[in-house]
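K.L.:
Sequence and predicted structure are below.
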Amino acid sequence: MIKRIGVLTGGGDCPGLNAVIRAVVRTAMLKYGYEVFGYKNGYRGLVLNDFVKFTSDDVSGILDKGGTILGTSNRDNPFEFKVEKDGEIKYMDMSDRIIENMDIFGVDALIVIGGDGTLKGAERLYRKGVKVIGIPKTIDNDISSTDFAVGFMTAVDIATDAVDKLHSTAESYHRVMILEVMGKHAGWTALEAGIAGGADVILIPEIPYDINKVAQKILERRNVGKHFSIVVASEGAKCIDGKIAVETTNDEYSDRIRHDGIGNRLADYLESLTGIESRVTVLGHLQRGGRPNPFDRILSTRYGVAAVELVDYEKFGTVVSLQQNRITHVTFEEAVSQRKQVPPDGELVRIAKSVGVGFGD
Ligand code: F6P
């Protein structure tokens, strides 16, 4: 008999997280009469017993707010939790502590909202006996088993708006404008915003590019009287020698590699190869901030309601998902065993190529 559930947001924030929390809390309280504890800052809240007992009022007026009222973290893997002991930093498995904490406070089940890393942690907790349901979120949309993760469509909106704005200045000023967007391992944001904004070149991690072919595309445009070009590049796009633009590592993060710098690198090469002034805009965290669009608000609400329903049906160890516009659920393994990348010969790349977009391949 479920009486009390917990909810947390883990990993990078994105628009729509508050809408999910609202849907979880309202459905749990209004439809099932559960109490809901909101754990703060991802798994850290579960380890340290840092939570808020939600009232209905706590989730009023948050549907359209960016970020997450619970806070989040992508450094607090419960199985390798950083602790300071006798002046020394150690990484400890705190999963038993989590189970004890949940027992002490009578928290019967957990709803974990997160991307790849957070859902992998949830899967391990489930294997240890915790009753968990996952909800996928990531602006990268790289979680397999769902058509859309929370946050992605808003990020595409933001990136498309940037492409639109770059278009008018590029055209007036006769420049190559490069927009660097997020997407370390998957190019969905660059691809969709590039198509929606009418980019001339789209560079994504899944299709290694040859810089000479990118330059050639820009020169072909100039030769037919188009003195500007728009290039949308994922931060993780790779050139044919296999190298990523700039890569640094930070061991405290679950996904240790950080990429940035591809925009500047492309601008240098393209300016020297084409002779056309090339400028860069790095969209960065703007893609993750601000209000969720209506699609994400509705998706978040659908996912939040479905997750609580799965708790009621006791379908633990599952992740809600959207397939062909129907809400369903899959196992954690199906959700996290493989990253969803852009198929280089898939429909979206094909239609982009049909309308003249270059991929540098
Ligand atoms: O993994 C999602 C993501 O949005 C990546 O596209 C991006 O590289 C990363 O998060 C940025 O994360 P952080 O803000 O932790 O550097």
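P.N.:
Yep, that arrived. Note that the structure is predicted; figures quoted are calculated from it, not measured.
K.L.:
give me the residue from the chain nearest the ligand.
P.N.:
Met182 (3.4 Å; Cβ to the nearest ligand atom). Where you see a C-beta, it was placed from the backbone N, CA and C, and this is true even at glycine.
K.L.:
Per-residue pLDDT of that residue, please?
P.N.:
Met182 is assigned a pLDDT of 96 by the prediction.
K.L.:
ok, which residues in the protein are in contact with the ligand?
P.N.:
Where the chain comes near the ligand, counting by Cβ under 6 Å from any ligand atom, the residues are 12, 74, 115, 138-140, 182-184, 235, 258.
K.L.:
Neighbour count and secondary structure for these - can I get that in TSV?
P.N.:
Shown next, in TSV, are the residues of the chain next to the ligand (neighbours: other Cβ atoms under 10 Å; DSSP: H, G, I helix; E, B strand; the rest coil):
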residue	neighbour count	secondary structure
Gly12	22	coil
Asn74	19	coil
Gly115	26	coil
Thr138	26	coil
Ile139	29	coil
Asp140	28	coil
Met182	25	coil
Gly183	29	coil
Lys184	19	coil
Glu235	26	coil
Arg258	14	strand
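K.L.:
Gln323: which of those is nearest?
P.N.:
Thr138 (16.9 Å; Cβ to Cβ).
K.L.:
Please name the nearest non-neighbouring residue to that closest one.
P.N.:
Excluding the flanking residues, the one nearest Thr138 by Cβ to Cβ, 6 or more residues apart in numbering is Gly115, at 3.9 Å.
K.L.:
was I right about that neighbour contacting Gly134?
P.N.:
No - under the criterion of Cβ atoms under 8 Å, Gly115 makes no contact with Gly134, lying 10.1 Å away.
K.L.:
of the residues of the chain next to the ligand, closest to Lys90?
P.N.:
Asn74 (19.6 Å).
K.L.:
For the residue nearest to Thr138, give me its contacts.
P.N.:
10-12, 136-138, 140, 143, 149 (Cβ atoms under 8 Å, 6 or more residues apart in numbering).
K.L.:
ok, Thr281 - how many residues close by?
P.N.:
By the criterion of other Cβ atoms under 10 Å, Thr281 has 17 neighbours.
K.L.:
Can you point out the helix or strand that includes it?
P.N.:
Element membership for Thr281 (DSSP states H and E) is strand 278-282.
K.L.:
tell me what that strand is packed against?
P.N.:
Judged by 3 or more Cβ pairs under 8 Å, 6 or more residues apart in numbering; DSSP states H and E, the packing partners of strand 278-282 are strand 176-181, helix 262-274.
K.L.:
buried set for the last one?
P.N.:
Residues of helix 262-274 classed as buried by neighbour count (16 or more other Cβ atoms under 10 Å): 262-267, 269-271, 273-274.
K.L.:
What is the burial count for Phe228?
P.N.:
Phe228: 22 neighbours (other Cβ under 10 Å).
K.L.:
Which pLDDT value goes with it?
P.N.:
So Phe228 comes in at 96 (pLDDT).
K.L.:
That one contacts Leu166, doesn't it?
P.N.:
No - Phe228 is beyond contact range of Leu166, at 9.4 Å (criterion: Cβ under 8 Å).
K.L.:
Mutual contacts of those two, please.
P.N.:
Joint contacts of Phe228 and Leu166 (Cβ under 8 Å, 6+ apart) are Met177.
K.L.:
list the helices and strands the longest helix along the chain packs on?
P.N.:
Ranked by residue count and defined by DSSP state H, the top helix of the chain is helix 152-173. Packing contacts for helix 152-173, counted by 3+ Cβ pairs under 8 Å, 6+ apart, involve strand 176-181, helix 188-197, strand 229-234, helix 294-312.
K.L.:
got the contact list for it?
P.N.:
Contacts of helix 152-173 (Cβ under 8 Å, 6+ apart): 14-16, 138-141, 175-177, 179, 181-182, 188-190, 192-194, 196-199, 228-230, 232, 281, 283, 286-288, 290-293, 295-296, 299.
K.L.:
List only those of the residues you listed flagged as buried.
P.N.:
14-16, 138-141, 175-177, 179, 181-182, 188-190, 192-194, 196-197, 199, 228-230, 232, 281, 283, 286-288, 291-293, 295-296, 299.
K.L.:
How much space separates the residue lying closest to His227 once chain neighbours are set aside from Arg265?
P.N.:
Computed as Cβ to Cβ, 6+ apart, the closest residue to His227 that is not its neighbour in sequence is His174, at 4.0 Å. His174 is 22 Å from Arg265, where distance means Cβ to Cβ, to the nearest Å.
K.L.:
do Pro343 as well
P.N.:
26 Å.
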